[in-house]
Structures are given as structure tokens and as C-alpha cells.
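Trainee: model the structure of this input:
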Amino acid sequence: MKRYLAIWSIVLLIGCSSDVDLLNEVLSPIAVSLVFPEDNSLCTTGIVLSDTESEVTFEWTQSENADSYRVVLINLETNETDTFTAETNSLDIRLLRSTPYSWYVTSVLESSDNTSDSAIASFYNAGPGLSSYAPFPATDPSPQQNAQLPSNTTTITLEWQSSDLDGDIATYDVFFGTTSPPGPFAQELTSNSLENIDVTSGTQYFWRVLTRDAQGNQSNSQIFSFEVTVN
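Mentor: Presented below is the predicted three-dimensional model:
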């Protein structure tokens, strides 16, 4: 009899464990889709508060199993990040006018450590009387931010993504080196990549991209970094 009870107890434990695992999986919040402001857009909908500020309503889809949301907003001119909490799928936020931003939403299940991030969108918050807009700072670096490259890496290719509301990106300047901030390395590139850069194992490298459009407007990316590991 004791033998049967022991076997039955093991079956119950396995079954309960599977149910708990399934419950945790079901209760993971689903990543939302960003609705407004849209990616690579000019945000003209909002309440003008002054010559320098406006209030914009951010909107996203509702997430299953989420109790709340964290809206992460990045000023692309200063790289300053602000985080706001919302209980519903919209939030009014004061923004600087004539300023580029990126944003994403983290869905939060407060009863656990489970969260889920949306995709990132960039937009330009419109200002008074502007007819030409600076390009968005370069993003999506390759090598990825804080990448650890194999020790046998001797050359690399730097790549990045860029966009401009006016569609008139003209050139890129790349700053690259072993100190931060990095110094000038290549100027007036017309493609968003730079090949055959020599690197050495055991060294950390820093780089950024200055994007310039046909009207002379320009923007600086954040400083990216990667390291070639030691043998």
C-alpha cells in the first residue's frame, strides 16, 4: 500500500508542477503593438502648450495578462530616457517641440517578474514653422551594442540604420577608436556601412555616426561599443 501511495504522490507532484509551469507560461504578458506616434513619422497631433512644449497622447494595443504598462521615451538629441507608468493603453506625455524621440512599451504582470517589450518606434515631434527636418540618429548598430567578438577577429564591418522624414540623407561621418568619445575616422560616406576596419584582441572599441541631410541638418547617434575578447 505504501508503495502505491508513493507512486501516486509522485504523479500528483509531476502533474502539479506541469500545471504551474503552464500557468506561468499562460500568464506571461503579450507584447503590444504601438499605435501612435507611428514609426518614422512627423507627430503633428497634440496640444500646444508653449513655443517649446506640446502634449501628445501615446497609444498602443492592449496586452493580454498585463496589469500595467511602462512607457519608455528617449530624447534622440540628448539620449535622455524617461519612464512613465500607465494603467490603460494610452498616456498623455509632455514633449519638447522640434525634437526627435523614440519610444517603446513594456507590458507588466505585477504578480510575477514577467514582462514583455514592444518594438521601438521613432518620431519627430513637430515644431512651429519647420519645413526641413533633421535625420533621425543612426540606430541598430552592427556589431551590436556591447558585443563580445571572438578573439580571432581581425577586421570588422560597421553597419547602422538611418531614416529621415524628408528622405534626403546625404552623407555619414563615422567616429571610431579605443577611447570614449571616439575621434573622427571616416567622413562623407554615402552608404550606411564601413568595411575592413582593423581590430585587435583584448581591446574595447567605441564608435558613433553623424548623419547629415541635403539641407545641412545633422544628428549624432549615441556612442556604441564592442570588445574583441582575449585569447
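Trainee: quick one: low-confidence ranges for this structure?
Mentor: Low-confidence segments of the chain (pLDDT under 70): 1-26, 130-131.
Trainee: gap between the residue nearest the centre of it and residue 178?
Mentor: The residue lying closest to the centre of the chain (C-alpha atoms, centre = their mean) is residue 120, at 5.1 Å. Between residue 120 and residue 178 the distance is 29 Å, computed by C-beta to C-beta, to the nearest Å. Placement of C-beta: from N, CA and C, glycine included.
Trainee: how far away from the center of its chain is stretch 144-162?
Mentor: 18 Å (C-alpha atoms, centre = their mean, to the nearest Å).
Trainee: need the residues that contact it.
Mentor: Defining contact as C-beta atoms under 8 Å, 6 or more residues apart in numbering, one finds that stretch 144-162 is touched by 135-136, 138-143, 169, 172, 174, 176, 192-202, 207, 209, 211, 221, 224-231.
Trainee: the protein: helices as residue ranges?
Mentor: Using DSSP state H, the helices of the chain run over residues 2-26.
Trainee: domain parsing for it?
Mentor: The chain breaks down into these domains under automatic domain parsing: 34-125, 139-228.
Trainee: could you dump those to CSV with distance to residue 27?
Mentor: CSV is the format used below for these (distance: least, C-beta to C-beta, whole Å):
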stretch, distance to residue 27
domain 34-125, 5
domain 139-228, 30
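Trainee: out of the ones you listed, flag the one nearest residue 28.
Mentor: Nearest to residue 28 among those is domain 34-125; the distance by C-beta to C-beta comes to 4.6 Å.
Trainee: got the end-to-end distance for that closest one?
Mentor: From its first residue to its last, domain 34-125 covers 16 Å (C-alpha to C-alpha, to the nearest Å).
Trainee: got a list of what the closest residue in space to residue 79 that isn't next to it in sequence touches?
Mentor: Leaving aside its sequence neighbours, residue 79 sits nearest to residue 222 (C-beta to C-beta, 6 or more residues apart in numbering; 5.0 Å). By C-beta under 8 Å, 6+ apart, the residues touching residue 222 are 79, 137, 208.
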